[in-house]
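>>> Here is a sequence with its predicted model. Questions after.
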Amino acid sequence: MSDVTIREALPADFDTIIAMWYSIDRHTELPDQPEYLQQFHDFSPDLFLVAEADGRIVGSVIGGWDGWRGHIARLVADPALRRKGVARKLVDEIESRLRGRGARRIYALVDRRSPPAIPFWEAAAYVANDDIVQFSRNVDR
C-alpha cells in the first residue's frame, strides 16, 4: 500500500463515501443520500475530508464548526486498514483545520455501539463526557 494522503472530498467521491459508511458497523436512523453530502460540501468543503491510498478512498471524516467549538463526526477507516494510522491522520488534519478556525474545544460524536471507536478516541486523548447527553430528532423538511 502506498502512503495515505488526506484531501477534501469531492462530489465525485460521495457514492464511494456512502458505500464505505454502509460497509461498517454503524447505527443511523436517517439514511445517507448524496444530496446531503452535497449540501454539507457546499457549506464547508474544507471540513469534509477523505483519506486516499493506492488511488482509492480508505477513510473519511466530517468536521463541524459552530463559531465557538469544533465537532468531529463520521470518522471511518477501511476495516482492512485499521491500526495503520488512517483514522489518526484524518483526525490530525480535521483538528488542525478546526483549530485554524479558532476552536479551543473539539467534541467527537462517537457511537458507543461501535467496538473500535471508544479505544481509538481514548488513545487520541479524547475523554468521554458523561455529563452531556446528546438528544436528536429527525425532522421533515
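Nice, I can see it.
>>> hey, let's count contacts and neighbours off CA atoms from now on
Will do.
>>> which intervals of the chain have sub-threshold pLDDT?
1-2, 25-30, 141 (pLDDT under 70).
>>> That one: strands as residue ranges?
Under the criterion DSSP state E, the chain contains strands at 5-8, 48-53, 56-65, 70-77, 106-108.
>>> contact partners of the second one?
Residues from elsewhere that reach strand 48-53 (CA atoms under 8 Å, 6 or more residues apart in numbering): 1-9, 40-41, 57-63, 86, 90, 94.
>>> in its sheet, what does that strand sit against?
strand 5-8 (antiparallel), strand 56-65 (antiparallel) (DSSP bridges).
>>> which parts of the first one are buried?
The neighbour-count check on strand 5-8 (16 or more other CA atoms under 10 Å) flags 5-7 as buried.
>>> which helix is the longest one in this protein?
Criterion DSSP state H: the longest helix present in the chain is helix 86-101.
>>> quick revisit: just the buried residues of the contacts of strand 48-53.
Using 16+ other CA under 10 Å as the burial test, the contacts of strand 48-53 include 4-7, 9, 41, 57-63, 86, 90, 94 as buried.
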